[in-house]
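Requesting a structural model of the entry that follows:
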Amino acid sequence: MKKRAFVLMFTLMLAFVMLAGCGQGGSGSGDVATETETVTVGMCPKLTSGSYMIEAGKGADEACAELGYTLDFNGPVDADVSAQVDIISQWVQKGYTAITVSANDPDALSPGMEAAKEAGVFTSTWDADVQSQARDFFVQTFTSEALAKTIVECMIEDVGTDEGNFLIITSTLTAPNQNEWIEVIRKYTAAEHPKFVIADVLPGDEDVVKSRDTTMNYLRSHPDTKGVISLTCLSTPACVEAVEQLGLEGKVFVGGSADIPSLVREQLKKGTVMKQGYACSPYDMGYAGMYLIKTQIEGNVEKAKQDGYIEAGRLGKLEILDKEKGIVLLGDPLVFNKGNIDNYNW
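All right, here's what the predicted structure looks like:
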């Protein structure tokens, strides 16, 4: 009830903002870009204290330098949904050209993003989506099916069996991208490895200490656990530390996100708890997001959907996986191990 009341209050507030802006050219995406000489993009990460999100901002900086855009990279210090809502509201009031978000909660952020779109602001998402009607494009790192297969098959290879109980550590229980991944992982294991059991899903809240302690407490009370799958790069090294502190090297293995390779470099080289991890390039994701905004500003959204791809600077043509929902694919998962981890330096 509190959440619905909060979202309703925010939506009403933005309605007033929209009415105030009507004298500047009306509503609907496209007005702002034709009326302002400077393109200002608000980029809101899930949090600003994580190196993965910061790396995405650096990639956006590169693209903005190429495109001549001004970037405001700002978000909550921690994974705080209400803070993201407030930031979106501020950017709408300031008349930013475009807003792009990595959502902590798709439902809580959708009303604000939809209202921003109606107010003439170009809206898009990256890494974690909102409801599709609230934006034109979403940069998806890889397909959920490809990710599920990579995660499960790597874990089976590391553990040496496809039978047993496994724990998933996610960021928050409302994170839309990770909830989708979990659902697809369950479907994949049910179809391909029915004795590979996802016994529990627990949040680490993008916090190293909480992720470590949550993993330790779980493993103490569930000694039959074969492995831990971390869906966020901040939680992965914390899960490894938990296994090490409990003296379970060689008995429990950790796999999952290695999106910041420097965080797990030494653990992968050691190989006693973690042998493999998946990643995408957050830098390229942020870069791609700015070229999606370029497509919006130039009025080429429908053309891009008809063509089936986005022109994304040095990344070339990025496939539009779902034309109706505007889902743009960045690429396939990259698997790190001790043999290739030194080739990646972000």
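
just the helices in the stretch 51-200 of the chain please.
Secondary structure of the stretch 51-200 of the chain by DSSP state H, counting those that start in this stretch: the helices cover 51-67, 81-94, 106-118, 144-159, 176-192.

low-confidence ranges in the stretch 151-300 of the chain?
Applying pLDDT under 70 to the stretch 151-300 of the chain flags no residue at all.

related to what we said a few turns ago, take the helices of the stretch 51-200 of the chain and write them to CSV, including distance to Glu249 and mean neighbour count.
Bear in mind the C-beta positions are built from the backbone N, C-alpha and C, glycine included. Supplementary listing: the helices of the stretch 51-200 of the chain in CSV, determined by distance: least, CB to CB, whole Å; neighbours: other CB atoms under 10 Å:
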stretch, distance to Glu249, mean neighbour count
helix 51-67, 26, 20
helix 81-94, 37, 19
helix 106-118, 38, 22
helix 144-159, 12, 20
helix 176-192, 25, 18
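
Show me the one of those helices that comes nearest Tyr283.
With CB to CB as the criterion, Tyr283 lies closest to helix 51-67 of the helices of the stretch 51-200 of the chain, at 3.8 Å.

Packing partners of the closest one?
Counting contacts by 3 or more CB pairs under 8 Å, 6 or more residues apart in numbering; DSSP states H and E, helix 51-67 is packed against strand 40-44, strand 70-73, helix 282-297.

measure Leu330 to Ile229 for me?
Relative to Ile229, Leu330 is positioned 21 Å away (criterion: CB to CB, to the nearest Å).

Can I get the helices of the stretch 51-200 of the chain in TSV including distance to Thr100?
Rendered in TSV, the data for these read as follows (distance: least, CB to CB, whole Å):
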stretch	distance to Thr100
helix 51-67	8
helix 81-94	10
helix 106-118	10
helix 144-159	21
helix 176-192	15
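
between those, which gets nearest to Ala238?
When those are compared (using CB to CB), the closest one is helix 51-67, at 13.8 Å.

what's the angle from the closest one to strand 40-44?
Angle, helix 51-67 to strand 40-44, by axes from the mean of the first three to the mean of the last three CA atoms, to 10 degrees: 170 degrees.

More neighbours: Leu330 and Ile229, which one.
For Leu330 against Ile229, the residue with the higher neighbour count under other CB atoms under 10 Å is Ile229, and the figures read 26 against 22.

Of all the helices of the stretch 51-200 of the chain, which one is nearest Gln133?
Smallest distance to Gln133 across the helices of the stretch 51-200 of the chain (CB to CB): 6.3 Å, for helix 106-118.

Just list what the closest one packs against, helices and strands only.
helix 2-21, helix 81-94, strand 98-101, strand 122-126.

Return the member of those having the minimum mean pLDDT.
Across these, the stretch with the lowest average pLDDT is helix 2-21; it has a mean of 43.

What ranges does the stretch 201-346 of the chain have for its strands?
Under the criterion DSSP state E, counting those that start in this stretch, the stretch 201-346 of the chain carries strands at the ranges 225-230, 253-256, 277-279, 309-311, 317-322, 327-329, 334-336.

looking at the ones you listed, which is closest to Asn300?
strand 309-311 (8.8 Å).

Okay, now the sheet partners of the closest one, with direction.
The strands beside strand 309-311 in its sheet (DSSP bridges) come out as strand 317-322 (antiparallel).

so how many other residues sit close to Ile260?
Considering only other CB under 10 Å, Ile260 is surrounded by 22 other residues.

ok, now which ones touch it?
With contact taken as CB atoms under 8 Å, 6 or more residues apart in numbering, Ile260 is in contact with 51-52, 55, 233-234, 282, 346.
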